[in-house]
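Undergrad: Would you be able to build a 3D model of this:
(2 chains)
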Amino acid sequence: AQTVTQSQPEMSVQEAETVTLSCTYDTSENNYYLFWYKQPPSRQMILVIRQEAYKQQNATENRFSVNFQKAAKSFSLKISDSQLGDTAMYFCAFMKQYDGNKLVFGAGTILRVKS
Amino acid sequence: DGGITQSPKYLFRKEGQNVTLSCEQNLNHDAMYWYRQDPGQGLRLIYYSQIVNDFQKGDIAEGYSVSREKKESFPLTVTSAQKNPTAFYLCASTAPGRISTGELFFGEGSRLTVL
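TA: Numbers count the residues shown, from 1 in each chain, chains lettered A, B, ... in the order given. Got it, this is the predicted structure:
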């Protein structure tokens, strides 16, 4: 069975600064996907970024980028130029290839952006 | 506007009572999912359905039941057999052709409290 671990229950960052959220996972699969989802307060959860395990290049979406270390089974999220709207719970998630979008989620990290 | 609607947002139930949470989508999505969110545990998959009149158990299906009589609707019943039903419940769906991408669209959730 796959497990996803987020070791930082809460983090805070000053507006305009950079913050990195950590995630590690355990799997015996070779082909899989990793995700970061964002859950803002009282709002819908949305997909932030996705990484295919077979790709060596780290995924980037505007101010969001990942550091994917396959051998170490590590998948961190870097948020640059943090904004107040980035305040949310962030979930790291894992999915085996061709597994019908059945994701395994970590416990989440609450990120607070301070002005 | 297209989206996923969950109702009610807040629900209180006495012990021993069954309760049904509604999930409706007008996105023409085939696959739908129910997740349970608990503090410190992230999201766990309860049930999922990839097509009308078919559904499968997730990781924590005991004490829950679902139906999928219409493409748009995937109600979840929390039965009296569920030992610890107080939680936040999230419904999600996936667009056609995106079933192996990990891209889930979420509703705003229903918070169930058992008194």
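
Undergrad: how about residue 107, what does it touch?
TA: Using chain A here. With contact set as C-beta atoms under 8 Å, 6 or more residues apart in numbering or on different chains, A:A107 has these partners: A:T5, A:Q6, A:P9, B:G40, B:Q41, B:G42. To be clear about C-beta, it is placed using only N, CA and C from the backbone, and glycine gets the same treatment.

Undergrad: wait, I meant chain B there
TA: Contacts of B:G107 by C-beta under 8 Å, 6+ apart are A:Q44, B:G3, B:I4, B:T5, B:Q6, B:C23, B:Q25, B:L90, B:C91, B:A92.

Undergrad: State the pLDDT value of it.
TA: pLDDT for B:G107: 96.

Undergrad: State the distance from it to A:N58.
TA: Applying C-beta to C-beta, to the nearest Å, the value for B:G107 to A:N58 is 31 Å.

Undergrad: In terms of pLDDT, where does B:W34 sit?
TA: 98.

Undergrad: tell me which parts of chain A are close to chain B?
TA: Counting by C-beta under 8 Å from any C-beta of the partner chain, the residues of chain A close to chain B are A:4, A:6, A:9, A:33, A:35, A:37, A:42-47, A:50, A:91, A:93, A:95, A:97-103, A:105-108.

Undergrad: Filter those down to the ones in strands?
TA: Of those, the ones assigned to strands by DSSP state E are A:V4, A:Y33, A:F35, A:Y37, A:I46, A:L47, A:R50, A:F91, A:A93, A:M95, A:F105.

Undergrad: Out of these, the closest to B:F55 would be?
TA: For these, the closest approach to B:F55 (C-beta to C-beta) belongs to A:M95, at 18.9 Å.

Undergrad: now the closest one, which residues is it bridged with?
TA: Counting by DSSP bridges, A:M95 is bridged to A:Y33.

Undergrad: What separation is there between A:K102 and B:A95?
TA: In this view, A:K102 and B:A95 are 16 Å apart by C-beta to C-beta.

Undergrad: quick revisit: neighbour-wise, which one of the contacts of A:A107 leads?
TA: Among the contacts of A:A107, the one with the most neighbours (other C-beta atoms under 10 Å in any protein chain shown) is B:G42, at 22 neighbours.

Undergrad: How about the residues of chain B by chain A?
TA: Within reach of chain A by C-beta under 8 Å from any C-beta, chain B has these residues: B:4, B:31, B:33, B:35, B:40-45, B:48, B:50, B:58, B:90, B:94, B:98-104, B:106-108.

Undergrad: which of the residues you listed count as buried?
TA: By neighbour count, with 16 or more other C-beta atoms under 10 Å in any protein chain shown, these hold B:4, B:31, B:33, B:35, B:42-45, B:48, B:50, B:58, B:90, B:94, B:98-99, B:101-104, B:106-108 as buried.
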